[in-house]
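here is a sequence together with a model predicted from it:
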Amino acid sequence: MYPARVTVQLAARSYDVAIGRDVLGELRPVLAALKPSSLLLVSDANVAPLHAPAVRAAVHGLAELHEFVVPAGEGSKSPARLNALYDWALGGRIADRRSVVLALGGGVIGDLAGYFAATLMRGVPYIQLPASLLAMVDSSVGGKVAINHAAGKNLIGAFHQPAAVICELAFLDTLPRREYVSALAEVVKTAALAGDDLHTVLDANPDAILARDHGLLARVVQHCVRFKAGIVARDETETTGQRATLNLGHTLAHVLETAFPDRYLHGEAVAIGLAAALGVSIARTGLAPDAANDVTRLLARLGLPLQAPPELDPARVLELLASDKKREGTSLNFVALRAPGRPELLPVRPDAGFAALLLGRDHG
Ligand SMILES: NC(=O)c1ccc[n+]([C@@H]2O[C@H](COP(=O)([O-])OP(=O)(O)OC[C@H]3O[C@@H](n4cnc5c(N)ncnc54)[C@H](O)[C@@H]3O)[C@@H](O)[C@H]2O)c1
């Protein structure tokens, strides 16, 4: 049954996502078609020692391979690190317009190396080799690439679709447990947005998911990739509102990440934000409380947090919502659910009542 293949349908920019164990061999036909003059492998200091050897073996003999390793963590999505990549590729004369970038790592590497590829000589092809669960189920698919600026996350970026995505599930064997569990929040979010049997599969097998059962993991990653591929195919550049619904749970998540920079991993903040978005949905779009409970119960069974910390008060939430980049004029586009599988962009006025509702507290 596996490796599985999902195609992201984007006319001339269509590409395949291969998913399975021992699927790095998929690199050869993709690279054979691209006929690269050189390969520029970008990875981080955690992932490179563990998984670059397998990539080296998979591309052996195809083109000269050059490697650049950045420190692990969000700090590497910076103008300084991007400049270091340009210096390496251009100063070292190892790149030309037929070079291909290989992004081996989590979402940080996918975003950084993808933006590097988008801008190097007005754009060279790149291949996503996601190593984290978050990168496999979310960030490696869809072509959003970016670095951060002092003014905010992902503010310098582009849409640049990869030539292929190869989800080598064996990479997940070395992913730290907290990172793995955190990414499950995005999986649960996908299930709520899709409203199909993904939720049932997760709900019936939380322990097997947590144990990284191979068959189940392949199924879950494939499901998430197929769902995201469908949305990206319909709204590649986030203009019709469909792609924006993927931000379910992200309004409060961004507030938490800014208010407590070192406390939460992204998915942990999304889990709290998802629970909050379901609370708002019950109040504003008529989501059935039982449907919301199904989702929050699953988050809890996977070991994810549900509550914002008590020290976060509505006034601080309002202050941070004011800088939300999804804001349009005085209202905020909030992703709510009418029912599982039926998301909706809700224009809300970010006032004290909304902040209290988001935090699940009474507004006195
Ligand atoms: N482009 C998009 O559409 C999109 C979507 C969602 C998130 N993102 C971005 O993704 C980033 C978060 O991604 P992430 O959670 O993967 O973070 P990450 O890249 O920082 O990886 C998390 C940690 O796990 C380590 N790691 C990754 N894979 C490993 C493996 N196989 N074995 C051992 N260690 C491993 C990394 O070194 C890092 O320390 C954020 O910058 C976010 O903005 C982008």
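Cool, got the structure. Residues are numbered from 1 along each chain as shown.

distance of the residue minimising distance to the centre of the chain relative to the ligand?
Centroid check for the chain by Cα atoms, centre = their mean gives residue 139 as the closest residue, at 3.0 Å. Remark: distance between residue 139 and the ligand (Cβ to the nearest ligand atom, to the nearest Å) = 3 Å. All C-beta atoms are positioned from the backbone trio N, CA, C, and that covers glycine.

for that residue, which non-adjacent residue is spatially closest?
residue 107 (3.7 Å; Cβ to Cβ, 6 or more residues apart in numbering).

how about residue 130?
residue 140 (4.0 Å).

surely the residue nearest to residue 139 meets residue 137?
No. Shown here, residue 107 and residue 137 do not form a contact pair, counting by Cβ atoms under 8 Å, at 10.3 Å.

so the two - more neighbours on which side?
Neighbours per residue (other Cβ atoms under 10 Å) separate residue 107 from residue 137, with residue 137 holding more: 26 against 22.

can you pull the contacts of that one?
Residue 137 makes contacts with 183, 186, 187, 190, 220, 221, 224, 225, 228, as judged by Cβ atoms under 8 Å, 6 or more residues apart in numbering.

tell me the SS of the fifth one?
At residue 220 the chain is in helix, as set by DSSP: H, G, I helix; E, B strand; the rest coil.

can you tell me how far it is from residue 136?
To residue 136, residue 220 is 9 Å away according to Cβ to Cβ, to the nearest Å.

what parts of the stretch 251-364 of the chain come near the ligand?
residue 266 (Cβ under 6 Å from any ligand atom).

same thing but at 8 Å, please
Residues of the stretch 251-364 of the chain found near the ligand (Cβ under 8 Å from any ligand atom) are 265, 266, 267.

tell me the one of the residues you listed nearest residue 211?
Residue 211 has its nearest neighbour among these in residue 267, at 18.0 Å by Cβ to Cβ.

what about the closest residue in space to residue 338 that isn't next to it in sequence, distance to the ligand?
Excluding the flanking residues, the one nearest residue 338 by Cβ to Cβ, 6+ apart is residue 285, at 4.8 Å. Using Cβ to the nearest ligand atom, residue 285 is found at 24 Å from the ligand.

in contact with residue 285, which residues are there?
By Cβ under 8 Å, 6+ apart, residue 285 lies in contact with 336, 337, 338, 344, 346.

now these: which count as buried?
Buried residues within the contacts of residue 285, defined by neighbour count using 16 or more other Cβ atoms under 10 Å: 336, 337, 338, 344, 346.

beta partners of the fourth one?
Assessed by DSSP bridges, residue 344 has beta-bridge partners residue 336.

pretty sure it sits against residue 338.
Yes. Assessed by Cβ under 8 Å, residue 344 is found in contact with residue 338 at 5.5 Å.

can you give me the helices for the chain?
27-34, 47-59, 79-86, 107-119, 133-134, 177-194, 198-204, 206-210, 214-234, 250-259, 266-284, 289-301, 314-321, 352-358 (DSSP state H).

just the pLDDT for residue 323.
Among the per-residue scores, residue 323 holds a pLDDT of 74.

from here on, call the first residue 199.
Noted, 199 is the first residue going forward, which turns the last one into residue 521.

give me the buried positions along stretch 206-219.
For stretch 206-219, burial by neighbour count (16+ other Cβ under 10 Å) applies to 206, 213, 214, 215, 216, 217, 218, 219.

so for that stretch, first residue to last residue, what's the gap.
20 Å (Cα to Cα, to the nearest Å).

and it with the ligand, contact?
No. Counting by Cβ under 8 Å from any ligand atom, the ligand is not contacted by stretch 206-219; separation bottoms out at 12.5 Å.

quick one: average pLDDT of that stretch?
The average pLDDT within stretch 206-219 is 97.

before we move on, what about stretch 295-305?
Mean pLDDT, stretch 295-305: 98.

what about stretch 358-375, start to end distance?
Termini of stretch 358-375 sit 31 Å apart (Cα to Cα).

hmm, back to that, nearest to residue 368, of the helices of the chain?
Nearest of the helices of the chain (Cβ to Cβ): helix 245-257, 8.0 Å.

which ones are touching residue 422?
Applying Cβ under 8 Å, 6+ apart, we find residue 422 in contact with 334, 335, 336, 384, 385, 388, 396.

ok, 10 Å please
204, 217, 331, 334-336, 339, 365, 381, 384-385, 387-389, 392, 396 (Cβ atoms under 10 Å, 6 or more residues apart in numbering).

same check, this time on residue 265
By Cβ under 10 Å, 6+ apart, the contact set of residue 265 is 237, 238, 239, 240, 241, 246, 250, 253, 254, 286, 300, 302.

from the residues you listed, list the buried ones, please.
Buried by 16+ other Cβ under 10 Å: 237, 238, 239, 240, 241, 246, 250, 253, 286, 300, 302, out of these.

between the contacts of residue 422, which is nearest the ligand?
residue 336 (4.6 Å; Cβ to the nearest ligand atom).

so residue 262 sits right up against residue 254, yeah?
No. Counting by Cβ atoms under 10 Å, residue 254 is not a contact partner of residue 262; they are 11.8 Å apart.

what's the overlap in contacts for the two?
Shared contacts of residue 262 and residue 254, counting by Cβ under 10 Å, 6+ apart, come down to residue 237.

who is residue 213 paired with across the strands?
residue 206.

residue contacts, it?
Contact analysis of residue 213 by Cβ under 10 Å, 6+ apart lists 204-207, 228, 323, 325-326, 339, 341, 359-363, 427.

most neighbours out of the residues you listed, which is it?
residue 326 (31 neighbours).
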